[in-house]
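Engineer: Fold the following.
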Amino acid sequence: MDSLEINKIVAGLLVVVLIIIGITNFAEILYHVEQPKVAHYVIEGVDDTDMAEATDEPVAAPVEVPILTLLASANFDKGAKVFRKCSSCHVAIKDGANKIGPGLWEVVNKDKGVVDGFSYSSALVNHGGKWSYEELNGFLKNPKKYIEGTKMSFAGLKKATDRANVILYLRSLSDNPAPLE
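Structural biologist: Presented below is the predicted three-dimensional model:
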């Protein structure tokens, strides 16, 4: 086969592709359908006033189960597993060296911002108080929202059961674990 025949075959293929593209564009122009400018779908048999009444009612916020209730059914092993996310920044052994975050030995019922050798954010130090079960739950849910200005960059644990499991695990990091009350 000489180069002229190859050129004819390639040209034929290009013509076929161009014809297909042209037909699809022509069909789009011929049968153009405008998108509806309505922000919702109309459901037959439902009156707009019924829809307005349904959306005017306030939506009940999800009921937050108290952390002590969740701790009653928390799982230590699952808490240790979820804590692996925390272990890149925190150490969980007695007299362990601080990492990016402070050591968490005996953190439950401990004063906030008092681990030796760790520089806390002023927001956490000024927040004051002790790390109760409720405080830990709120902080672990969303640290930046719970204590605005904290240096902790963790996004938080959204599942309440995960938080309860981790808090139960943190409770165990002590020679004398805090009572569950």
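Engineer: Poorly predicted segments of this protein, please.
Structural biologist: Within the chain, the ranges that satisfy pLDDT under 70 run 35-61.
Engineer: Give me the domain ranges for it.
Structural biologist: Following automatic domain parsing, the chain resolves into domains at 3-56, 67-172.
Engineer: Tell me which of these sits nearest to residue 180.
Structural biologist: Among these, domain 67-172 comes nearest to residue 180, with 5.8 Å by C-beta to C-beta. No exception for glycine: its C-beta is placed from N, CA and C like everyone else's.
Engineer: Quote the end-to-end distance of that closest one.
Structural biologist: 16 Å (C-alpha to C-alpha, to the nearest Å).
Engineer: on that earlier part again, and among the domains of the chain, the most buried is which?
Structural biologist: Mean neighbours per residue, mean count of other C-beta atoms under 10 Å, is largest over these for domain 67-172, with a mean of 16.
Engineer: Which helix runs longest in this structure?
Structural biologist: Ordering each helix of the chain by length in residues (DSSP state H) puts helix 3-30 first.
Engineer: can I get the domains of the chain in TSV with distance to residue 178?
Structural biologist: As requested, the domains of the chain are exported to TSV (distance: least, C-beta to C-beta, whole Å):
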stretch	distance to residue 178
domain 3-56	46
domain 67-172	4
